[in-house]
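Colleague: My questions concern the predicted model and sequence given below.
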Amino acid sequence: MKILISLLCILPALTAHTQSPIELVSKTYFRAHPFDMKFSSFVKSLQQDPWFTLDTFNRRTDSTFFFITGTYKNFNPFRYPSKEIRLVVAEEEIIHEDSLKTHDTIINLQIMGMTDTGIVHSKNVEKEFRRFHNNQAKHFYTNVHEDLKTVGAINNYFIPPYTIAPVTVAWGRLPEGQYTFILTIRFKVKENMATYILVPGEF
């Protein structure tokens, strides 16, 4: 019984610790932070941000997922000159790797810094990719690296007990020849609050 009580006391502390890497990334790279407020307030803050130009806003319906995209002016969280800073907030369906192949919906919060063409810009976004890893990887339990078939790479960062990578970064060349660094944070929205993606049965 004493062991059980001790474990219950430790669990909240462990949970708080595993949340911090995601929030650290969010507060470093995003102007608005979904973990600080209700999700509806987060969306409203984007609509009211004078530095953000909203291009598309699709509310969730019976046949479509929630989707926002737009660009920033006077805001660049990256250490290289970007031609365009684009934000995407997109809902998507995922399938967990459990025995039932459970379906779930999550939110992808994504920011990308697009450059022009040329080898100099390629080096800039690759350097940003390495800088992110050097500064942030130590806060996560593990990460998985994958080189792209053309140009670029992807790193997925994990924290226990979550089975879906809550943070992903990538760099590469766009179809138009431009280069970009992309940062994605994944989370669920439950009762209008951003929360973490747990394994099936723990939603």
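Modeller: Happy to help now that I have it.

Colleague: Find the least confident helix or strand in this protein, judged by mean pLDDT.
Modeller: helix 2-29 (a mean of 58; mean pLDDT, DSSP states H and E).

Colleague: all helices for the chain, in order.
Modeller: Remark: helices assigned in the chain by DSSP state H are 2-29, 39-48, 119-136.

Colleague: Show me what the second one is packed up against.
Modeller: Same thing as helix 39-48. With contacts taken as 3 or more C-beta pairs under 8 Å, 6 or more residues apart in numbering; DSSP states H and E, helix 39-48 sits against strand 52-58, strand 67-72, strand 84-95, strand 193-195. (C-beta placed from N, C-alpha, C; glycine too.)

Colleague: Using TSV, please lay out these together with distance to residue 113.
Modeller: Formatted as TSV, those follow (distance: least, C-beta to C-beta, whole Å):
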stretch	distance to residue 113
strand 52-58	15
strand 67-72	10
strand 84-95	5
strand 193-195	23
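
Colleague: could I get those strands as TSV with mean pLDDT and mean neighbour count?
Modeller: As requested, the helices and strands packed on helix 39-48 are arranged in TSV below (pLDDT from 0 to 100; neighbours: other C-beta atoms under 10 Å):
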stretch	mean pLDDT	mean neighbour count
strand 52-58	97	13
strand 67-72	98	17
strand 84-95	94	16
strand 193-195	91	17
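
Colleague: Isn't residue 88 up against residue 72?
Modeller: No. The criterion here is C-beta atoms under 8 Å, and residue 88 misses it with residue 72 at 12.0 Å.

Colleague: For the protein, which residues score under the pLDDT cut-off?
Modeller: 1-19, 98-100, 199-203 (pLDDT under 70).

Colleague: Mind doing that once more with 90?
Modeller: For the chain, the stretches with pLDDT under 90 are 1-20, 33, 36, 60-63, 94-104, 150, 159-164, 195-203.

Colleague: Contact partners for residue 78?
Modeller: 85, 113, 128, 181 (C-beta atoms under 8 Å, 6 or more residues apart in numbering).

Colleague: try 6 Å this time
Modeller: 113, 128 (C-beta atoms under 6 Å, 6 or more residues apart in numbering).
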